[in-house]
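Student: Sequence plus the predicted model coming up.
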Amino acid sequence: MTQTTFDFDALLAIPRLSALRLSPDGRRLVVSVTRPARDGKKMHSSIWQLDANGDERPTRLTRSGPGETLGAFGRDGSLLFTSARSDPDDPGQADGEEDAAEEIGRLWLLPGAGGEARVLAAPPGGVEDVRAARDADVIVFSAAVFPGTSGLAADRERHKARKKAGIDALLLEDYPIRRWDHYLGPRERHLFAATLPENEDRLGEPVDLTPDAGRGLIETGYDMTPDGSTIVTSWVDFSDLTDPRERLVAIERQTGERRFLTPEGRYWYAAPACSPDGRSVVCVRAASDELDGAGDHTLWLIDLTTGEGHDLTPRLDLWPATPTWSADSSSVLFLADRQGAVAALSVAVGDGSVTLLSADDALSDLAPAPDGKAVFALRSSYLRPPQLVRLRPGAAQQVAHGIPSFTELDELSLPATLERIEARAGDGKSIPSWLMVPDGASAQAPAPLVVWVHGGPLSSWNQWHWRWNPHLLAARGYAVLLPDPGLSTGYGIEFARRGWGRWGEEPYTDTMAAVDKALERDDLDPERTALMGGSFGGYMANWVAGTTDRFKAIVTHASLWELRGFHGTTDLGPAMEREFGDPYTDAARYEAASPHRLVDRIRTPMLVIHGELDHRVPISEALRLWTDLSRHGVAAKLLYFPDENHWILKPQNARLWYETVLSFLDHHVLGQEWRRPALV
């Protein structure tokens, strides 16, 4: 039955597709599908197989309470994944009896020929992700282990001793000490290599390829050559906190010998991908950010034998991401933010020519077929959640061919129309936005407007959002403006530098120009407006509150308030220094851009939202903001989540988020009675 009312329950019911994978023979497409768990308290992922022609319904391959995270295909078509579900062959013993109830990521293998999945490895620190060689029965996986241990067996003994002693304390000696929502200890991320067993045994003792990793492998990408002989990984050097560097390292699996593939200097090298012929590796090279602007990004190609590298996309004024190879190694496919979308492009290795494959909507998870005849991907926009599509590898500016999969995606009914508008800033610069107008808005019944500022700030409004979903506001009758002000990506390097270190200047005036342009329409009500945002968008909400009283309400989520103090509490403060300078010698740029200075000017009612577990924008920012607003008599509310981080991820918490936000907007923008959500 076609869904007719779009509300939070309708949003939750949509299957969330991600992590598309294509088997080495090109016959099987699998995808991760996320839905609410049966108890409704968390999101739950499972692995499904899709029909590349759309003739057959999707088939579920995995099922468990904890869910599964999709990894990679082995060369024989077996599927590798991680899951915290218990091992039916060794309940309670795989990780020591005291760990039987812990949710750690075990590495599983599902045979391609059919049958039950089995555990390959279950280190007590958990397996994070896995890669498989294309032409050999070799895998590499990342796992968290205690520093100084000589392998997974020794790590297990250290784990048992710590548990027996009841010790949870951390002795932290290196910066950084935390990331997003967790502290970096007592374990550290290492890469392990192993050969897949021929029978139903577990892996033998995997080889630790990075015993001295320290903090070097935090959130780094890795890949390996098709024969499994060489592993290429990014490696971060934090020895100079004001200027850390990410380089590429090649590791020989048999000997453990390591060599740098990229030089020291002002560049970061990330997202390595080895070519199918084993000769090259491509990666994203980013120039280091500096006080005068964000560093540019390009694709960098390296010969694995000689170590020589060169720029593949020197004239591309977009930032390439997630490179992947064509099956014949002749070209590299990649994604890039572009004009409010995420485009798919390819670059020929031979002559460097770039082809814009598709510029419509937002593409992700590019999966080239081994026969070179198709590229599969997921496509989304603000009018549709991610769906399976197929591209022609060499065709320029094509419309991706949609492939039916889940009926919920095909029958989705949304409550608004979407338009692209452009404003002019005071200096003549074009400021683009998406504008969502609810059904029924007209000159006779103009809709109230909510301006939603994106995070980043090096980001863009360009694809379907599960957390920041404007349709839930449109279903309530609000128009939603999604502006891309200065510092947004997809409009060239100069636009990404617009407002660099001056967050309260061009990003603010660009946003206001976008608002003024939208309100020229007679189907929007200029007297009923609000503004909201999260992370950098929350920063902008705070800055707006202290700069103008044109809005009826402000919602600020996970927001920055006092920039000098933020430098010392966020999980990676030195990154701020490349934009705002060294605060220990000159904090002028921090002070000039800090919205806390404007607190005495705030008159607009504000809803402050924050999660306790947020280490990127720590809870101290919300506490300081709340105190300052209270002391200055601002009509404000604080919605606090003790069990959430930078994002509000649990389904019922997200429901409460929207209930509170909409009630706050309805009260202050529409003049309705305040409705306190029932469960807070």
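Tutor: In hand now; what should we look at?
Student: make it CA atoms for all contacts and neighbour counts henceforth
Tutor: Noted.
Student: domains in this structure, as residue ranges please.
Tutor: Segmentation of the chain into domains, based on automatic domain parsing, reads 86-106+118-214, 226-308, 416-669.
Student: Return the set of buried residues in the lengthiest helix in the chain.
Tutor: Ranked by residue count and defined by DSSP state H, the top helix of the chain is helix 651-669. Using 16 or more other C-alpha atoms under 10 Å as the burial criterion, the residues of helix 651-669 that qualify are 651, 653-669.
Student: now what about that helix, what contacts it?
Tutor: Contacts of helix 651-669 with the rest of the structure, by C-alpha atoms under 8 Å, 6 or more residues apart in numbering, involve 8, 12, 36, 40-43, 448, 467, 473, 528-530, 552-553, 555, 605, 607, 641, 648, 672-677, 679.
Student: Separate out the buried members of these.
Tutor: With neighbours counted using 16+ other C-alpha under 10 Å, those contain these buried positions: 8, 12, 36, 43, 448, 473, 528-530, 552-553, 555, 605, 607, 641, 648.
Student: Please flag which of those residues sit within strands.
Tutor: Among the buried ones among the contacts of helix 651-669, the members falling in strands are 36, 43, 448, 528, 529, 530, 553, 555, 607, 641 (criterion: DSSP state E).
Student: The second one - nearest residue in space that isn't next to it in sequence?
Tutor: To tie it back to what came earlier, the one meant is residue 43. Take residue 43 and drop its neighbours on the chain: the residue closest to it by C-alpha to C-alpha, 6 or more residues apart in numbering is residue 36, 4.3 Å away.
Student: what residues are up against that neighbour?
Tutor: For residue 36, the contact set (C-alpha under 8 Å, 6+ apart) comprises 12, 13, 42, 43, 44, 651.
Student: now, among these, which is nearest to residue 522?
Tutor: residue 12 (33.4 Å; C-alpha to C-alpha).
Student: Neighbours of the spatially closest residue to residue 281 that is not a sequence neighbour, how many?
Tutor: Across the structure, with C-alpha to C-alpha, 6+ apart as the measure, the residue nearest residue 281 apart from its sequence neighbours is residue 274 (4.3 Å). By the other C-alpha atoms under 10 Å criterion, the neighbourhood of residue 274 contains 26 residues.
Student: Look up how far residue 286 lies from residue 274.
Tutor: With distances taken as C-alpha to C-alpha, to the nearest Å, residue 274 is found 19 Å from residue 286.
Student: One more: residue 608?
Tutor: Counting by C-alpha to C-alpha - residue 608 and residue 286 are separated by 35 Å.
Student: Please identify which of those two sits among more neighbours.
Tutor: With neighbours defined as other C-alpha under 10 Å, residue 608 and residue 286 compare such that residue 608 has more, 24 against 21.
Student: and which of the contacts of residue 36 is nearest residue 482?
Tutor: residue 12 (22.2 Å).
Student: That closest one contacts residue 35, correct?
Tutor: Yes - using C-alpha atoms under 8 Å, residue 12 makes contact with residue 35 at a distance of 6.9 Å.
Student: and which of the buried ones among the contacts of helix 651-669 is nearest residue 415?
Tutor: The shortest approach to residue 415 among the buried ones among the contacts of helix 651-669 belongs to residue 473, at 9.5 Å (C-alpha to C-alpha).
Student: phi, psi of residue 332?
Tutor: Its backbone dihedrals place residue 332 at phi -120, psi 130, with angles given as degrees, to the nearest 10.
Student: burial measure for it, as a count.
Tutor: 23.
Student: likewise the one 10 residues further on?
Tutor: Counted with other C-alpha under 10 Å, the neighbours of residue 342 add up to 25.
Student: wait, is it part of a strand?
Tutor: Yes - using DSSP: H, G, I helix; E, B strand; the rest coil, the assignment for residue 342 is a strand.
Student: any idea how far residue 333 is from it?
Tutor: Residue 342 sits at a distance of 13 Å from residue 333 (criterion: C-alpha to C-alpha).
Student: can you check residue 234 too?
Tutor: The span separating residue 234 from residue 333 equals 20 Å under the rule C-alpha to C-alpha.
Student: And residue 259, by the same measure?
Tutor: Plainly put, residue 259 is 26 Å away from residue 333 if you go by C-alpha to C-alpha.
Student: Have a look at the two and say which one is more surrounded.
Tutor: Neighbour comparison, residue 259 and residue 333: the larger count goes to residue 333, with 25 against 13 (by other C-alpha under 10 Å).
Student: wouldn't residue 295 be in contact with residue 286 here?
Tutor: Yes - judged on C-alpha under 8 Å, residue 295 makes contact with residue 286 at a distance of 6.2 Å.
Student: before we move on, back to that, might one say that the residue nearest to residue 281 is in contact with residue 280?
Tutor: Yes - in this structure, residue 274 sits in contact with residue 280. The criterion is C-alpha under 8 Å, and the distance is 5.9 Å.
Student: which residue packs closest to residue 117, ignoring adjacent ones?
Tutor: Across the structure, with C-alpha to C-alpha, 6+ apart as the measure, the residue nearest residue 117 apart from its sequence neighbours is residue 110 (4.2 Å).
Student: The one you found: neighbouring residues, count only.
Tutor: Counted with other C-alpha under 10 Å, residue 110 comes out at 20.
Student: which residues touch it?
Tutor: 78, 79, 80, 116, 117, 118.
Student: Can you pull the phi/psi pair for it?
Tutor: When read as degrees, to the nearest 10, the backbone of residue 110 gives phi -110, psi 110.
Student: Please renumber the chain so that the first residue is 36 from this point on.
Tutor: All right, first residue 36 from here; so that's residue 145.
Student: separation between it and residue 54?
Tutor: Residue 145 sits 17 Å away from residue 54, going by C-alpha to C-alpha.
Student: Walking through the stretch 86-235 of the chain, point out its helices one by one.
Tutor: All helices of the stretch 86-235 of the chain, identified by DSSP state H, counting those that start in this stretch, fall at 187-200.
Student: Could you give the secondary structure assignment for the residue of the chain most remote from its centre?
Tutor: With distances taken as C-alpha atoms, centre = their mean, the residue sitting farthest from the centre of the chain turns out to be residue 479, at 41.0 Å. Put simply, residue 479 is coil when judged by three-state DSSP.
Student: does it really touch residue 560, like I thought?
Tutor: No - counting by C-alpha under 8 Å, no contact exists between residue 479 and residue 560, whose distance comes to 10.3 Å.
Student: in the worst-scoring helix or strand of the chain on mean pLDDT, what's buried?
Tutor: Comparing helices and strands within the chain by mean pLDDT, DSSP states H and E singles out helix 442-445 as the least confident, with a mean of 89. Of all the residues in helix 442-445, those buried under the rule 16+ other C-alpha under 10 Å are residue 444.
Student: any weak-confidence spans in this protein?
Tutor: 36-39, 126-137 (pLDDT under 70).
Student: Now do the contacts for residue 272.
Tutor: For residue 272, the set of contacting residues under the criterion of C-alpha under 8 Å, 6+ apart consists of 251, 279, 280, 281, 282.
Student: at 10 Å what do you get?
Tutor: Residues touching residue 272, when contacts are defined by C-alpha atoms under 10 Å, 6 or more residues apart in numbering, comprise 249, 250, 251, 252, 278, 279, 280, 281, 282.
Student: quick one, what contacts the fourth one?
Tutor: Just to be clear, that refers to residue 252. Residue 252 makes contact with 177, 223, 224, 225, 226, 245, 268, 269, 270, 271, 272, 281 under the criterion C-alpha under 10 Å, 6+ apart.
Student: Drop anything exposed from those residues.
Tutor: Burial by neighbour count, judged by 16+ other C-alpha under 10 Å, picks out 177, 223, 224, 225, 226, 245, 268, 269, 270, 271, 281 from the contacts of residue 252.
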